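> Structure of the sequence below:
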Amino acid sequence: MSTDYCQTIDVPVSAETAFHAVTLSMSEWWTTMSGPFAMDGDKATASWPDGTTWSFEVKSHRPAEHLELYCYQADHIHPSVTPEMRVEWEGTCLVFDFETMGKRQSRVTMAHRGLTPQLNCFDICVKGWDLYFGGSLKSYLDGKSTAA
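Below is the predicted model:
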């Protein structure tokens, strides 16, 4: 059994719409992105007001089915982050899987492969993903204001 962070949400939109929200509209529900994830090899950086940045490269892009983002650069800045925690995301992957559940229903599963309890930032990052994936993305796809 994997100990990587993983969460699933059910949303009242098609898998295509959910995929679009993750690949092209991440700035709407997570944080400011430097660009979209439109195809294999695309790179973009997530930037936060506190100076935190995470840079990702698309390793697998299958529309309305699967997206894998490899974190090749991390600089996590947070009041409780220690120096070794700043780069813990490097080498981890964000994996999104999309499943059609009905005419306008889909299930989105997100795993942060490599984000395990052994990492110093685990508790902080789990709270963040619970807020942004389970809260903000779900609200965005439900047609409500984002939680963030």
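> mind checking the backbone torsions on Thr45?
With angles defined as degrees, to the nearest 10, Thr45 sits at phi -120, psi 130.
> can you start the count at 669 instead of 1 from here on
From this message on, residue numbering opens at 669, which makes the last subject Thr713.
> Quick check: the gap between it and Asp810.
Note on Thr713: its distance to Asp810, by Cβ to Cβ, to the nearest Å, is 27 Å. For glycine as for every other residue, the C-beta is placed from the backbone atoms N, C-alpha and C.
> Grab the most central residue of the protein for me.
Geometric centre of the chain, nearest residue: Leu762, 5.7 Å, by Cα atoms, centre = their mean.
> So for that residue, what's the pLDDT?
We have a pLDDT of 98 for Leu762.
> ditto for the one 5 residues further on
Looking at Glu767, its pLDDT reads 97.
> sorry, back to before: please name the nearest non-neighbouring residue to the residue nearest to the centre of the chain.
Nearest non-adjacent residue to Leu762, counting by Cβ to Cβ, 6 or more residues apart in numbering: Leu737, 4.4 Å away.
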